[in-house]
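# sequence first, then the predicted structure, then my questions.
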Amino acid sequence: MGDSSYLSLAVGLALGVWLALNGNDQVAAGASGRVMRRKTLANGIAQTPPMGWNSWNHFGCDIEEKVVMETADAMVSRGLAKVGYEYINLDDCWGAPNRDSEGNLVPRASKFPSGMKALAYYLHSKGLKFGIYSDAGTRTCSRTMPGSLNHEEQDAKTFASWGVDYLKYDNCLNKDITPEERYQNMSEALFKTGRPIFFSICEWGREKAATWANDIGNSWRTSGDIRDSWASMILRADRNDEWASYAGPGAWNDPDMLEVGNGGMTLEEYRSHFSIWALAKAPLIIGCNVQTMDNDAYEILSNEEVIAVNQDKLGVQGKKVKKDGHLEVWAGPLYNNKVAVVLWNRGSSKANVTALWSDLGLDPTIAVKARDLWTHSTEYGLVRGQVSAQLESHACKMYVLTPY
């Protein structure tokens, strides 16, 4: 059944949040974390969800300087940087097994011989940003390098000195200290450096991070790690959807990175994956080998019309508004009174999926122009009352509806 009040309420809520964060000092007058969040937002971090690439989904621990630099080159040469993908993020396994004599994290010399400052300089020279990984525990999840627990200020200063722009902060080997305490400590340490660093909280959603992390991070995971499969992808979409009301400019729900291009799903499944992540205002972090991905993956990841939904400045997370068995409608409001809609067939056979205006919170008498974001075409004439599509198994249609 549909949620007919969702879209109109979401627009009002989003505008209220934006005004509060940008024009109402009283919102920032509570706890110190809230003051920090307002100052971070004033630095302009993550007013829209981040876009970039991360090494883990494809390369795992087999990551080195040469691969990172070649990935950066490909991001630029293939036009992905131009459409918004700007962060190049190292995940686990970049560091030496132990800290140096002064207690600093150091890169593994055999894999990063030029050092992290030189790598950051290379990425910045390409107009890209540099992301790195650590863990809110004693060791990282691979157990190959130290974590940052009880070293937060020292490590934050190191990251800032290297020119880091993004920190993914994991949750392994955490000594059962509450995540709020561990992530707050790193958030404060990053803030003290004076360098704007996107803070990605990778707590896996175990302690309902959406309810507390928007005060201290720019994004927070809503589930465990994604796998390159249909079942894993839809599970993360559903878990992320539960927390839609907590996201907004500067602070986003994160269902984990994209698997598009890694080969474990069909073309239609990858297109659905990207559509739902975009509608849900999830971080669009590519997880495949950018140098070797096929044309299908490239066309999905570079779809500027779908990306525009993700980067819409209203900043309201779209959500599931109708479910009829395996047939679903997801929708969310966009700037200028537009509405983004995904019709999704999660079943095993071809089916017709329909979104009524009542499902979308639209006046039943209104007429719209319906833009299909995957065929890059506008439906002939004005559309009234509903939008509908016959869909293959696991396929979707994505529209932007513009009231006429």
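Now that the structure is in, tell me what you want to look at.
# how far does the host helix or strand of residue 240 sit from its chain's centre?
Per DSSP states H and E: residue 240 is located in helix 230-241. From the chain centre to the centre of helix 230-241 is a distance of 14 Å (C-alpha atoms, centre = their mean, to the nearest Å).
# how about the strands of the stretch 151-300 of the chain, start to end?
166-170, 198-201, 219-221, 252-254, 284-286 (DSSP state E, counting those that start in this stretch).
# let me have those in TSV, extended by mean pLDDT and distance to residue 311.
(Each C-beta comes from the backbone N, C-alpha and C, glycine too.) Formatted as TSV, the strands of the stretch 151-300 of the chain follow (pLDDT from 0 to 100; distance: least, C-beta to C-beta, whole Å):
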stretch	mean pLDDT	distance to residue 311
strand 166-170	98	17
strand 198-201	98	15
strand 219-221	98	14
strand 252-254	98	12
strand 284-286	99	9
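# let's have those in CSV, adding mean neighbour count and distance to residue 129.
Output for the strands of the stretch 151-300 of the chain, formatted as CSV (neighbours: other C-beta atoms under 10 Å; distance: least, C-beta to C-beta, whole Å):
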stretch, mean neighbour count, distance to residue 129
strand 166-170, 26, 6
strand 198-201, 26, 8
strand 219-221, 29, 15
strand 252-254, 30, 16
strand 284-286, 27, 12
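# rewinding a little: what residues sit buried inside the helix holding residue 240?
Of the residues in helix 230-241, those buried by neighbour count under the rule 16 or more other C-beta atoms under 10 Å are 230, 232, 233, 234, 235, 236, 237, 238, 239, 240, 241.
# how about residue 121, nearest residue that isn't a chain neighbour?
The shortest distance from residue 121 to any non-neighbouring residue, by C-beta to C-beta, 6 or more residues apart in numbering, is to residue 163 (6.8 Å).
# tell me the contacts of the one you found?
By C-beta atoms under 8 Å, 6 or more residues apart in numbering, the contact list for residue 163 reads 117, 120, 121, 124, 130.
# select the helix or strand of this structure having the lowest average pLDDT value.
Sorting the helices and strands of the chain by mean pLDDT, DSSP states H and E puts helix 32-42 at the bottom, at a mean of 38.
# how close does the residue nearest in space to the middle of the chain sit to residue 109?
Nearest to the geometric centre of the chain sits residue 283, at 1.2 Å (C-alpha atoms, centre = their mean). Residue 283 is 31 Å from residue 109, where distance means C-beta to C-beta, to the nearest Å.
# tell me the phi and psi of residue 368?
phi -130, psi 160 (degrees, to the nearest 10).
# distance of it from residue 281?
From residue 368 to residue 281 the distance is 22 Å (C-beta to C-beta).
# what number of residues lie near residue 74?
18 (other C-beta atoms under 10 Å).
# next secondary structure after the strand or helix carrying it?
Per DSSP H and E: residue 74 is located in helix 65-77. Next along the chain after helix 65-77, taking DSSP H and E as the criterion, comes strand 87-89.
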